[in-house]
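# Just need the structure, nothing else, for what follows:
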Amino acid sequence: MSFDLTDLRLFLHVVESGSITGGADRAFMALASASARIRNMEDTLGVPLLTRGRRGVAPTEAGFALMRHAHNIMQEWERMVGDVSEYGQGLKGHVRLLCNTSTITEFLPEILSSYLLAHPNVGIDVHERLSTEIMQDLLEDKADVGVVPKSSEVLGNLQTFPFRTLQLVLVVSPKHPLAAKRSVSFAETLDYDFVGLAEGSSIQKYLEAHASRVGKRINYRVRLRGFMASARLVQDNVGIAVIPETAAVHCKKSMSLHIVRLTDSWATRQLMLCVRDFANQPLHIRELVEHIREPASPPEP
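Numbering: from 1, shown residues only. The predicted model follows:
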């Protein structure tokens with residue numbers, strides 16, 4: 001067979017990015033070289049691996065089969081190198097980590113910083129996804145580790161480990177009518193204008209779903225990227241916002257804000273690490289999970 005680990009890694013990058021150009025960029029390879037390698041793989045196997053269209057590429061049935069095997073091969077290779085020689089002569093391990101908005105902004109920076117400093121030969125790609133997408137990507141070998149709420153239905157043979165507890169709170173300007181309250185139900189807040197996160201944010205979709213359950217919609221005055229930016233407009237009484245308590249406390253140090261508790265049970269979320277077949281993951285992935293999980297908590301089947 002006339003293709004190697006470089007070709008397999010490139011093919012995975014192409015599928016994950018949805019384009020040969022994106023795959024070439026991730027593999028640090030010229031587009032012409034990447035295209036030639038993909039064509040060579042198809043010629044060698046005698047079957048198309050990708051369907052090509054205006055919006056990019058997608059794997060064929062044969063491509064999906066190759067993708068599954070390629071993930072297994074790459075994981076076995078990294079496991080071998082990690083277990084035998086602790087990443088050998090500078091060979092890098094790689095982790096694909098999926099999580100929601102709050103996890104990315106409130107928990108991961110400090111945690112990943114200490115892990116990466118202790119593991120200079122490991123790289124981590126972090127992407128924001130919805131919980132259902134995270135679990136599906138894990139099952140399809142498109143990701144290595146995910147963070148999902150405990151209430152999410154765990155599929156297949158995924159294992160979970162306690163991660164952190166996320167508390168959602170309401171932040172309002174001191175001038176806002178709700179500033180006089182210590183606690184409020186989410187349904188009550190929907191009578192007022194909101195400062196929301198940008199469209200596609202997992203936490204915003206979560207809030208929109210709960211608004212729909214009580215027969216209401218969130219009225220956005222403006223939508224921004226980041227809790228800090230949202231809080232600045234809340235301070236000016238443009239609207240109210242629901243954000244993680246950790247973010248609210250941090251923002252309150254430099255802004256004039258009131259924090260109001262949400263009485264809804266769903267406002268407290270236990271986040272879980274989610275991984276496929278933990279015992280057989282490469283060493284650097286197992287070490288990452290052990291590093292960021294809550295201590296002394298056994299995995300749940």
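# helices and strands around the lengthiest strand in the chain, which ones?
If you go by DSSP state E, the chain has its longest strand at strand 158-172. Contacts defined by 3 or more C-beta pairs under 8 Å, 6 or more residues apart in numbering; DSSP states H and E place strand 158-172 against helix 131-139, strand 145-149, helix 227-235, strand 241-244, helix 245-252, strand 258-262, strand 268-276. C-betas here are computed from N, CA, C, even on glycine.
# run the last query once more with 7 Å
Contacts defined by 3 or more C-beta pairs under 7 Å, 6 or more residues apart in numbering; DSSP states H and E place strand 158-172 against helix 227-235, strand 241-244, helix 245-252, strand 258-262, strand 268-276.
# chain center to the second one, what's the gap?
Using C-alpha atoms, centre = their mean, to the nearest Å, the mean C-alpha position of strand 241-244 is found 19 Å from that of the whole chain.
# To residue 157, which of the helices and strands packed on strand 158-172 lies closest?
strand 268-276 (6.8 Å; C-beta to C-beta).
# circling back to that earlier point, nearest to residue 199, out of the helices and strands packed on strand 158-172?
Residue 199 lies closest, by C-beta to C-beta, to one member of the helices and strands packed on strand 158-172: helix 227-235, at 13.6 Å.
# buried sites along the helix or strand encompassing residue 9?
Element membership for residue 9 (DSSP states H and E) is helix 5-17. By 16 or more other C-beta atoms under 10 Å, the buried positions in helix 5-17 come out as 7-17.
# How about stretch 279-288?
If you call a residue buried by 16+ other C-beta under 10 Å, then stretch 279-288 has these buried ones: 281-288.
# Could I have the CA atoms of that stretch written out in PDB?
Output of stretch 279-288 as PDB, limited to C-alpha atoms (Å, rounded to 0.1, in the frame of the first residue of the first chain):
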ATOM      1  CA  ALA A 279      -8.400   2.600  29.200                       C
ATOM      2  CA  ASN A 280      -7.300   2.200  25.600                       C
ATOM      3  CA  GLN A 281      -6.700   5.900  24.900                       C
ATOM      4  CA  PRO A 282      -3.100   7.100  24.200                       C
ATOM      5  CA  LEU A 283      -1.200   8.000  27.300                       C
ATOM      6  CA  HIS A 284      -1.400  11.800  26.800                       C
ATOM      7  CA  ILE A 285      -5.200  11.700  26.500                       C
ATOM      8  CA  ARG A 286      -5.500   9.600  29.700                       C
ATOM      9  CA  GLU A 287      -3.200  12.000  31.500                       C
ATOM     10  CA  LEU A 288      -5.200  15.000  30.300                       C
END
